[in-house]
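> Pasting the sequence and the predicted model now:
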There are 2 protein chains.
Amino acid sequence: MPILSRKSVPKDPDATKERILDAALDVFSAKGYHDTRVDEIVEKSSTSKGSVYFHFPSKQSIFLALVDHFADMLEGRVIEAIEHQNAGIDRVRAALTACLDTFGRYRRLAKILLVQAAGLGAIFEEKRQEVLNRFSALVQIYLQEAVALGEIPPLDAEVVSQAWAGAINNLVIRWVYTGSPEPDRILSTLLPLLLRGVGFEEKQS
Amino acid sequence: MPILSRKSVPKDPDATKERILDAALDVFSAKGYHDTRVDEIVEKSSTSKGSVYFHFPSKQSIFLALVDHFADMLEGRVIEAIEHQNAGIDRVRAALTACLDTFGRYRRLAKILLVQAAGLGAIFEEKRQEVLNRFSALVQIYLQEAVALGEIPPLDAEVVSQAWAGAINNLVIRWVYTGSPEPDRILSTLLPLLLRGVGFEEKQS
């Protein structure tokens, strides 16, 4: 599965899409979703109206592509972090850490996507659930690995992974909106909370 | 703090408001938020256009009042369940059980409010956060009680209560949208997960 939008298609269209998305992020950040006009994205990206509309039929589709882009990056970073760990609970821990770390590094981007996106209504709600489902599907795999390895007792991995995704999502949204609690504080409480919850005993207290 | 909308104001306006909200729930359920006209709510409630607009300046305000009504009921049931318990972890358990039980009993209502509400965009996102904050503020109090009683180790009660609210919210939303996992299944996994997470050991495994 390709990560970070490096797909096996001719180079040019991809590079153009990237330029459009970079420009769109700048314009959305500066003006907000509502007040952004596609023409401004065209101008900022130094491409043409034709190529913007070729890739993206509407302002909304540009915005949703940015959300997908962020979700791809998040998933990519989680998977990368996990590959350096042995199977089992170490991967669960690495996945959570990478996820919060990514939000921490890209707070401005996360804020734009989450806060602006709320204005999109039902379409964004679907997109949010899609992203949460992607994340919890990943977590579910690693939880099942940890169970298979005997590191944690058997559990309803679907319910647990959805609970984890919801817990992280709510804390991240609150942090993005209000600036508190910060990722370090979230991580230091959330990680032991979630791991203890599934019956895993940390070495350090 | 008044619960379930029994407030100390003259009887009539309150009864009228109730009738309007009951009617609105029926009409929203049948037609969806978008296709509902205020006139249909007026007709269904057997009140007058004047009294509907006196209480609610717009369709949106009727809908948001229904959301508040549901949040009041949820909070009322949680508080009622808790009052029958000793301070501490029993209250935490009662709060979670009452919360999931309420969603279980009022699935249709919850579905209408959550699914329709997504279409309201940023206004609903704010309302959702307000409701989640009310719930997590309650949980925070009971967690701090349990810590004070020595039933669980000290913790960052703000982060934990937000994590719990997010976990429950995500599972409820998924259940409301997809029909799975069901409240019984959520409860049997989530309750031990959350309690173990804060270091509380259940008597039964």
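Good, I have the coordinates.
> contacts for stretch A:12-23?
Residues outside stretch A:12-23 that contact it (C-beta atoms under 8 Å, 6 or more residues apart in numbering or on different chains) are A:5-7, A:41, A:44-47, A:51-52, A:55-56, A:62, A:65-66, A:69. C-betas here are computed from N, CA, C, even on glycine.
> need the helix or strand of chain A with the lowest average pLDDT.
Lowest on mean pLDDT, DSSP states H and E among the helices and strands of chain A sits helix A:117-118, with a mean of 70.
> Those residues of chain A touching chain B, which are they?
Residues of chain A found near chain B (C-beta under 8 Å from any C-beta of the partner chain) are A:118-122, A:124-125, A:129, A:132, A:155-156, A:158-160, A:162-171, A:173-174, A:177, A:181, A:185-186, A:188-190, A:193-194, A:196-199.
> at 6 Å instead, please
Where chain A comes near chain B, counting by C-beta under 6 Å from any C-beta of the partner chain, the residues are A:118-119, A:121-122, A:125, A:156, A:159, A:162-163, A:165-167, A:169-171, A:174, A:181, A:186, A:189-190, A:193, A:196-197.
> Which among those count as buried?
Among those, those classed as buried by neighbour count (16 or more other C-beta atoms under 10 Å in any protein chain shown) are A:118-119, A:121-122, A:125, A:156, A:159, A:162-163, A:165-167, A:169-171, A:174, A:181, A:186, A:189-190, A:193, A:196-197.
> So, low pLDDT: which residues of chain A?
By pLDDT under 70, the weakly predicted segments of chain A are A:1-11, A:118-119, A:202-205.
> hang on, residue A:157 packs against residue A:140?
Yes - using C-beta atoms under 6 Å, residue A:157 makes contact with residue A:140 at a distance of 4.7 Å.
> Relative to chain B, how far out is the residue nearest the centre of chain A?
The centre of chain A sits closest to residue A:71, judged by C-alpha atoms, centre = their mean, with a distance of 3.6 Å. Residue A:71 sits 16 Å away from chain B, going by C-beta to the nearest C-beta, to the nearest Å.
> How about residue A:191?
Distance, residue A:191 to chain B, by C-beta to the nearest C-beta: 11 Å.
> quick one, domains of chain A?
Per automatic domain parsing, the structural domains of chain A span A:8-57, A:66-197.
> Residue B:136: which of the ones you listed is closest?
Nearest of the domains of chain A to residue B:136, taken as C-beta to C-beta: domain A:66-197 at 8.3 Å.
> longest helix in chain A, by residue count?
What stands out as the longest helix in chain A, according to DSSP state H, is helix A:122-148.
> Would you mark the buried spots in it?
For helix A:122-148, by 16+ other C-beta under 10 Å, it's A:122, A:124-125, A:127-129, A:131-133, A:135-136, A:138-143, A:145-147.
> for stretch A:33-47, same thing?
Buried residues in stretch A:33-47, counted by 16+ other C-beta under 10 Å: A:33, A:36, A:38, A:40, A:41, A:42, A:44, A:45, A:47.
> Tell me the one of those residues nearest chain B?
Of all the buried residues of stretch A:33-47, residue A:33 has the smallest distance to chain B: 9.8 Å, by C-beta to the nearest C-beta.
> Just want to check the distance between that closest one and residue A:20.
16 Å (C-beta to C-beta, to the nearest Å).
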